[in-house]
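Q: no sequence on this one, just coordinates:
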């Protein structure tokens, strides 16, 4: 069974500083990996996804993530955060062997990002 | 505008009083799903549907029912709500698979059961 761990419940970063949110997964092969963002009072929005190929993927809003097979990680990064990045971030893992539908994703518990002025 | 619409946004009810949370999408998506979000637990899937008249249990289906009589609608039914169902609920849909197209989420329904 697949699982995903986000070790940090809360992270506080100063505006303009760099950001890295950690995500570790457990799966027997290379999974499909996703990062979603949830702004206050909103549903989740897809930031980026990794299926195969280049291990560094670019997403929306200036985010990127790097897949590291040796570390079973898919960490999210941004070189300079803005106050509007304050949100809840969810890493998710999916099995390439499932139907890939809405049943296919397992979400982490989320990391709450706080931006200090 | 493409969207997933949930109603109501907020709901306070008492134990045992049946309720329905509606979900509608205007994107002609086949897949729809319900999640609950609880502090420290993240998102957990309640039920999902791959098409009209096709539904299946997710990770935490106990105490919930769903139906998919039309492609656009996927209501969540709590026949006899209990306080442990107090949570934030999200409906989501996707075109084919969550791998080829992103999940589109509604804005959530915050349910309190007293």
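A: Arrived safely. Owing to the predicted nature of the structure, the values given are computational and were not obtained by experimental measurement.

Q: same for the lengthiest strand in chain B, what does it pack against?
A: For chain B, the strand that runs over the most residues, judged by DSSP state E, is strand B:42-51. Applying 3 or more CB pairs under 8 Å, 6 or more residues apart in numbering or on different chains; DSSP states H and E, we find strand B:42-51 packed against strand A:105-107, strand B:31-38, strand B:54-57, strand B:65-66. In this view, the C-beta of every residue, glycine as well, is placed from N, C-alpha and C.

Q: buried ones in it, by neighbour count?
A: Buried positions in strand B:42-51, judged by neighbour count with 16 or more other CB atoms under 10 Å in any protein chain shown: B:42-50.

Q: go on, stretch A:65-77?
A: Using 16+ other CB under 10 Å as the test for burial, stretch A:65-77 gives A:65-67, A:72-76.

Q: and chain B, which residues reach chain A?
A: Within chain B, the positions adjacent to chain A are B:4, B:30-33, B:35, B:40-45, B:48-50, B:56, B:58, B:90, B:92-94, B:96-100, B:102-108 by CB under 8 Å from any CB of the partner chain.

Q: if I pick residue A:9, what's in contact with it?
A: By CB atoms under 8 Å, 6 or more residues apart in numbering or on different chains, the contact list for residue A:9 reads A:109-112, B:40.

Q: mind listing the strands for chain B?
A: Going by DSSP E, chain B shows strands at B:4-7, B:10-13, B:19-25, B:31-38, B:42-51, B:54-57, B:65-66, B:76-78, B:87-94, B:104-105, B:109-113.

Q: oh, I was asking about chain A
A: Taking DSSP E to define them, one finds strands in chain A at A:3-5, A:10-14, A:19-21, A:24-26, A:32-38, A:44-50, A:56-58, A:64-68, A:73-78, A:87-94, A:105-107, A:111-116.

Q: Serialize those strands to JSON lines and add fields for mean pLDDT.
A: Listed next are those as JSON lines, based on pLDDT from 0 to 100:
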{"stretch": "strand A:3-5", "mean pLDDT": "92"}
{"stretch": "strand A:10-14", "mean pLDDT": "97"}
{"stretch": "strand A:19-21", "mean pLDDT": "98"}
{"stretch": "strand A:24-26", "mean pLDDT": "93"}
{"stretch": "strand A:32-38", "mean pLDDT": "93"}
{"stretch": "strand A:44-50", "mean pLDDT": "91"}
{"stretch": "strand A:56-58", "mean pLDDT": "96"}
{"stretch": "strand A:64-68", "mean pLDDT": "97"}
{"stretch": "strand A:73-78", "mean pLDDT": "98"}
{"stretch": "strand A:87-94", "mean pLDDT": "92"}
{"stretch": "strand A:105-107", "mean pLDDT": "85"}
{"stretch": "strand A:111-116", "mean pLDDT": "96"}
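
Q: in chain A, what residue lies closest to chain B?
A: For chain A, the residue closest to chain B is residue A:43, as judged by CB to the nearest CB, at 2.7 Å.
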